[in-house]
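Visitor: With the sequence up front, the predicted model follows.
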Amino acid sequence: MNHSSIKPLLPLKGLRVLSLALNLPGPAALMRCRQMGASCVKLEPPAPAGSAPGSSGDPMGLYNRKAYDTLHQGVRIAVADLKTDKGQKALHRELAKAHVLLTSFRPSALTKLGLDWKPLHKRYPALSQVAIIGAPGVRAEEPGHDLTYLAESGLINGLDLPPTLYADMGGSLMASEAVLQVLMVQRQKGKGSYIEVALSDAAAYLALPRNWGLTQDGAAVGGGHAGYRVYPCKDGRVAVAALEPHFAKSICAAAGVPYANILSMLAPATHQSIATYLLGMTRQALDALSVEKDIPLYTLSK
């Protein structure tokens with residue numbers, strides 16, 4: 001089957017999503033909705049005074065225009081100062097046409113903008129709202145960001161910053177999932193519904209394997225299994241993911257290491273033998289080995 005010829009399902013085709021969300025989680029969720037076929041509109045605040053012509057009122061557009069452009073491809077963007085009467089009129093013109101409202105404000109900010117769920121639902125009974133917040137319940141007003149939520153969930157090592165924004169991106173997926181949920185409810189009950197998505201919950205969800213002990217030091221996927229580690233090679237590094245027995249047998253055979261069962265892969269001698277073998281291999285040779293022997297590995301530069 002030629003997978004490139006398979007048409008996307010577009011489950012949100014015909015759905016109109018209005019977003020007021022700035023920075024990363026909200027726009028990333030909107031991008032996912034657009035990819036699933038939704039018609040997406042975003043209202044942004046005016047750009048800060050003194051900004052260059054064409055500047056965005058979303059901070060993402062100021063500190064990384066490439067990311068901003070990617071996130072908003074296919075999204076209709078309009079400027080509206082929601083703190084003014086003119087901006088509120090523009091907001092309600094869009095709300096009257098929308099099926100889902102996506103926000104990323106603290107509850108107190110939503111109140112100031114007249115976007116509390118109960119009065120909003122009374123005015124627009126068919127409208128649903130997906131509200132991205134930092135933390136749930138009584139913590140909803142606390143200041144926080146991706147980094148603090150990852151730290152809270154035990155996902156920060158030493159003084160190093162994470163290689164990506166896990167809580168933000170995980171939260172964006174939860175938010176796009178929530179759009180699918182409210183759509184299902186609307187179709188079942190004929191009315192809108194409200195879902196909160198907390199970035200702290202997204203971080204906690206990503207941390208579950210660690211909390212279960214799967215990735216703790218010495219656990220099977222925490223360095224204890226000799227077939228699931230990052231090793232140095234002759235001209236870089238290699239990430240080896242030979243976890244299943246048939247993959248483990250293949251890497252052991254290549255390294256000349258006896259394999260009996262899973263316990264073989266936990267033995268220090270197996271670790272040492274595989275490490276020695278890989279250290280003598282170039283990235284090119286390892287890439288070829290991966291194809292020839294069907295071993296899941298990926299080589300990296302130093």
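Guide: Yep, it's here.

Visitor: what's the burial count for residue 40?
Guide: 26 (other C-beta atoms under 10 Å). The C-beta positions use only the backbone N, C-alpha and C, and glycine is treated the same way.

Visitor: what about the strands in the stretch 201-302 of the chain?
Guide: 228-233, 236-241, 297-300 (DSSP state E, counting those that start in this stretch).

Visitor: want to throw those into JSON lines with mean neighbour count?
Guide: Output for those, formatted as JSON lines (neighbours: other C-beta atoms under 10 Å):
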{"stretch": "strand 228-233", "mean neighbour count": "17"}
{"stretch": "strand 236-241", "mean neighbour count": "17"}
{"stretch": "strand 297-300", "mean neighbour count": "16"}
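
Visitor: Residue 284: which of these is closest?
Guide: strand 297-300 (8.3 Å; C-beta to C-beta).

Visitor: Just the C-alphas of the closest one, formatted as PDB.
Guide: The C-alpha coordinates for strand 297-300 follow below in PDB (Å, rounded to 0.1, in the frame of the first residue of the first chain):
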ATOM      1  CA  LEU A 297      19.800   2.200  16.500                       C
ATOM      2  CA  TYR A 298      20.500   5.800  15.500                       C
ATOM      3  CA  THR A 299      23.900   7.400  15.200                       C
ATOM      4  CA  LEU A 300      24.700  10.900  16.400                       C
END
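
Visitor: what's in contact with it?
Guide: Strand 297-300 has contacts (C-beta atoms under 8 Å, 6 or more residues apart in numbering) with 230, 233, 236-242, 283, 286-287, 289-290.

Visitor: Go through these and name the one nearest residue 186.
Guide: residue 241 (41.3 Å).

Visitor: so what pLDDT did that closest one get?
Guide: As predicted, residue 241 sits at a pLDDT of 97.

Visitor: Next: residue 4.
Guide: Looking at residue 4, its pLDDT is 64.

Visitor: thinking again about what came up before, and the strands of the stretch 201-302 of the chain as a markdown table, adding distance to residue 108?
Guide: Shown next, in a markdown table, are the strands of the stretch 201-302 of the chain (distance: least, C-beta to C-beta, whole Å):
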| stretch | distance to residue 108 |
| --- | --- |
| strand 228-233 | 45 |
| strand 236-241 | 45 |
| strand 297-300 | 46 |
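
Visitor: Tell me where this structure has helices.
Guide: For the chain, the helices defined by DSSP state H occupy 25-35, 59-63, 65-71, 85-95, 107-112, 117-123, 146-152, 166-189, 199-206, 208-211, 245-255, 268-279, 283-293.

Visitor: hey, which of those helices is tucked in deepest?
Guide: Among the helices of the chain, ranked by average contacts under mean count of other C-beta atoms under 10 Å, first place goes to helix 25-35 (a mean of 24).

Visitor: now the angle from it to helix 166-189?
Guide: The directions of helix 25-35 and helix 166-189 differ by 50 degrees, with axes from the mean of the first three to the mean of the last three C-alpha atoms, to 10 degrees as the criterion.
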